[in-house]
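Asker: Okay, sequence plus prediction incoming.
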Amino acid sequence: MKSKHTGATLVYSTDPAVLRAAQAAQTITPALPTGPVRVGLDTKARRGRDVTVVQNLPLDATALTALSKRLKAACGTGGTVKDGIIEIQGDHREKVTALLIELGHSVKRAGGKA
């Protein structure tokens, strides 16, 4: 028995092929951010210490980790990746911005001190 896809939502089926197709259609891949990369300075909840924050990067988790490692090496400091945001210890906005532009990203300064 052939089934025709009418565009309607599947309500019930016992056919394994239809179930696999329905499950594949329901898997959602997280959308990568669009727009310029935001580089800012943050001191909130850090006991007054400065942290350079890089947001809105259109990269997956492994590429984000690799970029974080490269930024930390260029700045000579530590940092981390949390929820798709790279945090570099200290105020390194100039170095980070220059390196991201060199890598071909569109960068915009956001928030923080002048």
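Answerer: Noted; the coordinates are in hand. Note that the structure is predicted; figures quoted are calculated from it, not measured.
Asker: Quick check: chain neighbours aside, which residue is closest to the most centrally placed residue in the chain?
Answerer: By C-alpha atoms, centre = their mean, the chain has its centre lying nearest to residue 84, at 3.8 Å. Using C-beta to C-beta, 6 or more residues apart in numbering and skipping the chain neighbours, the partner closest in space to residue 84 is residue 64 (6.6 Å). In this view, the C-beta of every residue, glycine as well, is placed from N, C-alpha and C.
Asker: how about the one you found, what does it touch?
Answerer: Going by C-beta atoms under 8 Å, 6 or more residues apart in numbering, residue 64 touches 57, 81, 84, 86.
Asker: follow-up on the earlier one: the residue nearest to the centre of the chain: what's it in contact with?
Answerer: 33, 55, 57, 61, 64.
Asker: next one: residue 50
Answerer: Counting by C-beta under 8 Å, 6+ apart, residue 50 touches 41-43, 90-91.
Asker: if we go to 10 Å?
Answerer: Applying C-beta atoms under 10 Å, 6 or more residues apart in numbering to residue 50 gives the contacts 41-43, 88-93, 112-113.
Asker: Mind picking the lowest-pLDDT entry from those?
Answerer: For the contacts of residue 50, the minimum pLDDT belongs to residue 112; the value there is 55.
Asker: So residue 57 belongs to a strand, correct?
Answerer: No: if the criterion is DSSP: H, G, I helix; E, B strand; the rest coil, then residue 57 is coil and not within a strand.
Asker: mind listing the helices in this structure by residue range?
Answerer: Counting by DSSP state H, one finds helices in the chain at the ranges 16-26, 61-75, 93-102.
Asker: List just the one of the ones you listed that sits closest to residue 37.
Answerer: Nearest of those to residue 37, taken as C-beta to C-beta: helix 93-102 at 5.8 Å.
Asker: Can you pull out the residues in contact with that closest one?
Answerer: Here helix 93-102 makes contact (C-beta under 10 Å, 6+ apart) with 36-37, 39-41, 50, 52-54, 57, 67, 70-71, 74-77, 79, 86, 88, 92, 105-110, 112-113.
Asker: What residues of it count as buried?
Answerer: Within helix 93-102, the residues that count as buried by 16 or more other C-beta atoms under 10 Å are 93, 95-97, 99-100.
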